[in-house]
Every structure is written in C-alpha cells, then in structure tokens.
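Novice: Structure for this input, please:
(2 chains)
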Amino acid sequence: MTLNPQLNKDGALKHLLTIDGLPRAILTHILDTAEGFVSVSEQEVKKVPLLRGKAIFNLFFEPSTRTRTTFEIAAKRLSADVINLNINASSQSKGETLLDTVDNLAAMQADMFVVRHAQSGAAHMIARHVAPHIHVVNAGDGRHAHPTQGLLDMFTIRKYKGEFHNLRVAIVGDLLHSRVARSQIHALTTLGVPEVRVIAPKTLLPTGVEQMGVHVYHEMAKGLKDVDVVIMLRLQNERMRGALLPSAQEYFKYYGLTPDKLALARPDAIVMHPGPMNRGVEIDSAVADGKQSVILPQVTYGIAVRMAVMSILAGN
Amino acid sequence: MTLPDAETLVAQLAAAIKPTLTPNTVLVGMYTGGVWAAQQMHALLDPAMPHGDLDISFYRDDFNRIGLHAQVKPTRLPFEVEGRDILLVDDVLYTGRSVRAAMNALFDYGRPARIRLAVLVDRMGDRELPIMANFVGSTATVPPHQHIHLVRDDAGHLNLKLVDLK
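Specialist: So this is what the prediction gives:
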C-alpha cells in the first residue's frame, strides 16, 4: 500500500492531484517530457497519436476558460476524444452529486478526468473513488492546489533561466486565496530553488506561510531586490470590496509591479503571471507587455506541460 | 558472435549514399543510435546538407502496453519537410515498427517527396512489417533473447554491442 494517493505501487505517477509530496525526479520527468511536446505545436499537423482512442472528460464545476481550453487543446493534440462538461455545483449534498456524476461518466468508458472544483480536496475524493484504470488530474481545487499551473511555471523558469539551484524567486500578491502560489512554492522548493520569497500585505498571506520554506516580505522594495524571477498573482476585483484591502488603487501603489519596482530585480529577471491579468491592479501594462515579460510563453508552454502530464499518466 | 565495426559501417554507408545525393536531400537521424550514426555520416556526405533529429516516442504503437519512454528527446527538423528527399538513418532495422513510426512522424511535418532508409545493421528474420532499407551496412541474425545496441563512448566512438534482454 502506498502512502501517496498519486503514485501507483511502482512509485510512478497515477494521478496528478498536488505537487506537495511528489519527488523531484517525477517533476523533472514531467518537465523533460514536456520539452518533447513543444515541437508538436510547431508541426504542420499539430497532433500526435499517443492517446488515440482514449476518452478524457474535462469536469469543470467552476468557471474557467483559459485552463479548460489549454487542457482541451493538449488532449486533442494527443489525439484523445475530449468531452467538456461545465457543471454548476449543486447546493445540496455536493459530495454525493459529484461522485454520482463521476460514476455516470466512468460508465461511459472514461479514461481520465480533468477536474476543476471550488472545494479543496475534490480531485482527491474523485481519485479515491474511481476504478483503477482511470486517471485524475487536478485542474484547480479551492485554495488547495493547481499542479499543472505550478509545473508550467517551472517549465517556463527552466526555459529562461536554465537550472533552479542558483535562483531567487519572488511570488507577489494574493497568496491567501491562491492555489497557484501553493503549487508554485512546493514545486520551487522541491526542484531546489534556494530562496523563495513571498511579498504581500499581511492580510493576503496565509497563516504560517513561513513553514513552507519561504521568506516573507511586506515591501516590494526589499522583496524584489536582486531576484531572478518575479511571479505576480491575480487579485480578484471582487475581493477589493472586502475588508482585506482598502482599494485597488492603493494596492497598485504598494504592490503593483511597475517598471520602477521591477528595476530593483536583476536586470535579466523575468516576469510571470498565471493570468488573467488585472492591468493597473497587480501589474502595469508597461511591464506586462515589456521585454522581461514571459506571460504569453507561459500559456504556450502550458499546453506542452499538460500534454506531458496526460501522456505520462495514461502510460502508467 | 562478432559484430562489425560501427564506424567502418558508417563510412561504407556514406560511400554508397554519396553518389545518390541531390540538392534536395536532407539527413534525419532517429534517436538515439540513428542520431549518432547520422552525425558521423553527415560529416562524410556533405557538411552543408541540412540535417535533423527525430524522436518517435509519441508515434510508437506499443504506448498502450509499455507507456511513454522515459527519455523523450525533442525532435529537431530545421528545414521544410514538404517536398524533400529524406534520408532516414537508424542503427538497427529489426521489426520495422520504429521506421513505421518515423514515417508517420515525418508526415506530420509535411509530405516528403521521397523517404529512403539507411541502417548500420539489418537484423534478419524478425521483421513484423513490410519494410526494408535502401542502404544496409551489414546483416546479422541474433537470437530472440538478445538485442543489438549502438553505444557511444566518451570520445565519441561508436560500437555495436550484443545485449541480453532482461
């Protein structure tokens, strides 16, 4: 019996639910495999036959356009049959409804579920429930994890910076609500990044974030100094009306990434953002569209990384 | 059994291929042994000839049985495949399934005018598909429990070895 529900008895990846607890070798294997898939998008026929005949269900219980689309493109480039289901979460007995839905789709000969859900742990629950031949990919669950986003960020960093062992990386913004940030931190520390910084007001930091092995900063001027990678996080406008922040304008003044603030980082630092961006709230357009921005390549690499994850899972 | 010297085979193949080259010919090596052989052949044929490397992992027909190979290497074809005369190079021609996968892969980049196959060794008697090579360095009959592998040492020298299957 294995302790990690993501691994099979041979220690190979069976589901991708979270980066937390995955060995470095598995993360590196995913990144290496994704390198091969980048060239598929450059072919005349942007498709390989690897998952021909497999049925992949995108189960999105929470709205998403970008992530769902990139998973769909990735599955189609692997020649899988893709079925997109946007499911409004029922207000009653959510767990039971979720598993009923899963059971019905499994009866339609599903091979893989890609799951987005507002509840943390939803993908884990499905993975525990499904038959052994079905694989589950977490496409974002509550505040918990978004492992493929974390991996595509690592792929992008490796593309631009080479190795991980000599980097300083800063993650800036709303870490409190961010499943992306958690996955990024787990991935960065597992891959050997010696210094991971988080920069945010106290109200947007989870309690005990230091226990994840990061250095906490509350001021951009100190936190951005000499970093190699700046990862901006999305700040949802609806959260501005809450008690966490006075206003979007004030947030931008202190934590928005402007050219002046970026100048504190290393001259060759790259700027990343998981998207969608709030221009003028967490990032200035001059930075988002500037020469240090790698935000659009992140999207492109996200397809290759998701192809790698799905093909590795299906092959195990 | 004694296997022939790999570098001698490369030189013999290059000599046989050279008169058939056209300005439209490009060289494509199949990972991993075919890439090494093609690199050596390239220097002997025409250093100005475009050449690339092909990984067939995503086109293998045994994916459902054995999964994805651990080491996928990026395919690199820095030329238009459409209309080209492609000289495909592999170390050993065995069942023919790798060559089928390679041809499928090439066609996803464009429609070549012609594909020819050059191999260092044709392992006789074990073909599973109707595929044969245009240029063969040597032939060999090997027991089913053994494989022929091309290896490259630190100095870049190529050698053929017999390996027992696990």
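
Novice: Tell me where the stretch 101-250 of chain A has helices.
Specialist: Assigned by DSSP state H, counting those that start in this stretch, the helices in the stretch 101-250 of chain A fall at A:122-129, A:147-161, A:179-190, A:220-223, A:248-255.

Novice: tell me the angle the longest one makes with helix A:179-190.
Specialist: I take that to be helix A:147-161. 50 degrees (axes from the mean of the first three to the mean of the last three C-alpha atoms, to 10 degrees).

Novice: Test for you: state the pLDDT assigned to the closest residue to A:Arg24 other than its chain neighbours.
Specialist: For A:Arg24, ignoring the flanking residues on the chain, the nearest one in space by C-beta to C-beta, 6 or more residues apart in numbering or on different chains is A:Thr190 at 5.2 Å. In short, each C-beta sits where N, CA and C put it, glycine included. A:Thr190 carries a pLDDT score of 97 in this model.

Novice: With B:Thr25 as the reference, name the closest of the helices of the stretch 101-250 of chain A.
Specialist: The closest of the helices of the stretch 101-250 of chain A to B:Thr25 is helix A:147-161. By C-beta to C-beta, the value is 32.8 Å.

Novice: Wondering if that closest one reaches chain B at all.
Specialist: No - if you take C-beta under 8 Å from any C-beta of the partner chain as the test, helix A:147-161 misses chain B, and the best it gets is 12.0 Å.

Novice: tell me the angle that helix makes with helix A:122-129.
Specialist: Using the same axes, to 10 degrees: helix A:147-161 against helix A:122-129 is 110 degrees.

Novice: by contact count, what packs against helix A:147-161?
Specialist: On a contact count with 3 or more C-beta pairs under 8 Å, 6 or more residues apart in numbering or on different chains; DSSP states H and E, helix A:147-161 meets helix A:24-38, helix A:66-77, strand A:135-141, helix A:179-190, strand A:229-232, strand A:270-272, helix A:295-315.

Novice: Extract the C-alpha trace of it and format it as CSV.
Specialist: Below are the C-alpha coordinates for helix A:147-161, written out as CSV (Å, rounded to 0.1, in the frame of the first residue of the first chain):
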residue,chain,number,x,y,z
PRO,A,147,-0.4,21.5,-10.0
THR,A,148,-0.3,21.8,-13.8
GLN,A,149,0.0,25.6,-13.5
GLY,A,150,2.8,25.2,-11.0
LEU,A,151,4.6,22.8,-13.4
LEU,A,152,4.1,25.1,-16.4
ASP,A,153,5.6,27.9,-14.4
MET,A,154,8.6,25.7,-13.6
PHE,A,155,8.9,24.8,-17.2
THR,A,156,9.0,28.5,-18.1
ILE,A,157,11.5,29.3,-15.5
ARG,A,158,13.8,26.5,-16.7
LYS,A,159,13.4,27.6,-20.3
TYR,A,160,14.6,31.1,-19.5
LYS,A,161,16.9,30.5,-16.5
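
Novice: What's the mean pLDDT across it?
Specialist: 98.

Novice: List the residues that contact residue 126.
Specialist: Defaulting to chain A. A:Ile126 makes contact with A:98-99, A:102, A:113, A:115, A:136, according to C-beta atoms under 8 Å, 6 or more residues apart in numbering or on different chains.

Novice: wrong chain, I was asking about chain B
Specialist: Per C-beta under 8 Å, 6+ apart, neighbours of B:Asp126: B:94-95, B:142, B:144.

Novice: picking that back up, need the contacts of A:Ile126 in TSV (columns: distance to chain B and neighbour count).
Specialist: Listed next are those as TSV, based on distance: C-beta to the nearest C-beta, whole Å; neighbours: other C-beta atoms under 10 Å in any protein chain shown:
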residue	distance to chain B	neighbour count
A:Leu98	29	22
A:Leu99	28	17
A:Val102	23	21
A:Phe113	19	25
A:Val115	22	26
A:Val136	17	27
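
Novice: Let's see which of these end up in strands.
Specialist: Judged by DSSP state E, the contacts of A:Ile126 include A:113, A:115, A:136 as members of strands.

Novice: and the last one, what are its bridge partners?
Specialist: Put plainly, it is A:Val136. A:Phe113 (DSSP bridges).

Novice: what's near enough to touch it?
Specialist: A:15-17, A:112-115, A:123, A:126-127, A:130.

Novice: Tell me which helix or strand comes right after the helix or strand of chain B at the bottom of the mean pLDDT ranking.
Specialist: Counting by mean pLDDT, DSSP states H and E, chain B has its least confident helix or strand at helix B:63-66, which shows a mean of 85. The helix or strand immediately downstream of helix B:63-66 is strand B:85-93, counting by DSSP states H and E.

Novice: just to revisit the earlier point, make TSV out of the helices and strands packed on helix A:147-161 and add distance to B:His69.
Specialist: Listed next are these as TSV, based on distance: least, C-beta to C-beta, whole Å:
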stretch	distance to B:His69
helix A:24-38	9
helix A:66-77	18
strand A:135-141	18
helix A:179-190	24
strand A:229-232	31
strand A:270-272	30
helix A:295-315	9
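
Novice: and of these, who's closest to A:Gly213?
Specialist: Here helix A:179-190 is closest among those (C-beta to C-beta), at 4.9 Å.

Novice: one step back: near chain A, from the contacts of B:Asp126?
Specialist: Applying C-beta under 8 Å from any C-beta to these, none is adjacent to chain A.

Novice: List the residues that contact whatever residue of the stretch 151-300 of chain A ends up closest to chain B.
Specialist: Relative to chain B, the nearest point of the stretch 151-300 of chain A is A:Lys159 (12.0 Å; C-beta to the nearest C-beta). Taking C-beta under 8 Å, 6+ apart, we find A:Lys159 in contact with A:297, A:301.

Novice: go on, A:Gly173?
Specialist: Here A:Gly173 is in contact with A:199-200, A:204, A:232-235, A:255, A:282 (C-beta under 8 Å, 6+ apart).

Novice: tell me the two of the residues you listed that are most distant?
Specialist: So, the contacts of A:Gly173 by C-beta to C-beta: farthest apart are A:Ile199 and A:Arg234, at 14.8 Å.

Novice: My read is that A:Arg143 contacts A:Ser120, right?
Specialist: Yes - at 5.8 Å, A:Arg143 and A:Ser120 qualify as touching, with contact defined as C-beta atoms under 8 Å.

Novice: Kindly point out which residues are neighbours of both of those two.
Specialist: With C-beta under 8 Å, 6+ apart as the test, A:Arg143 and A:Ser120 both reach A:Arg179.

Novice: can you tell me the residue of chain B closest to chain A?
Specialist: When scored by C-beta to the nearest C-beta, chain B has B:Gly67 as its residue closest to chain A, at 2.7 Å.
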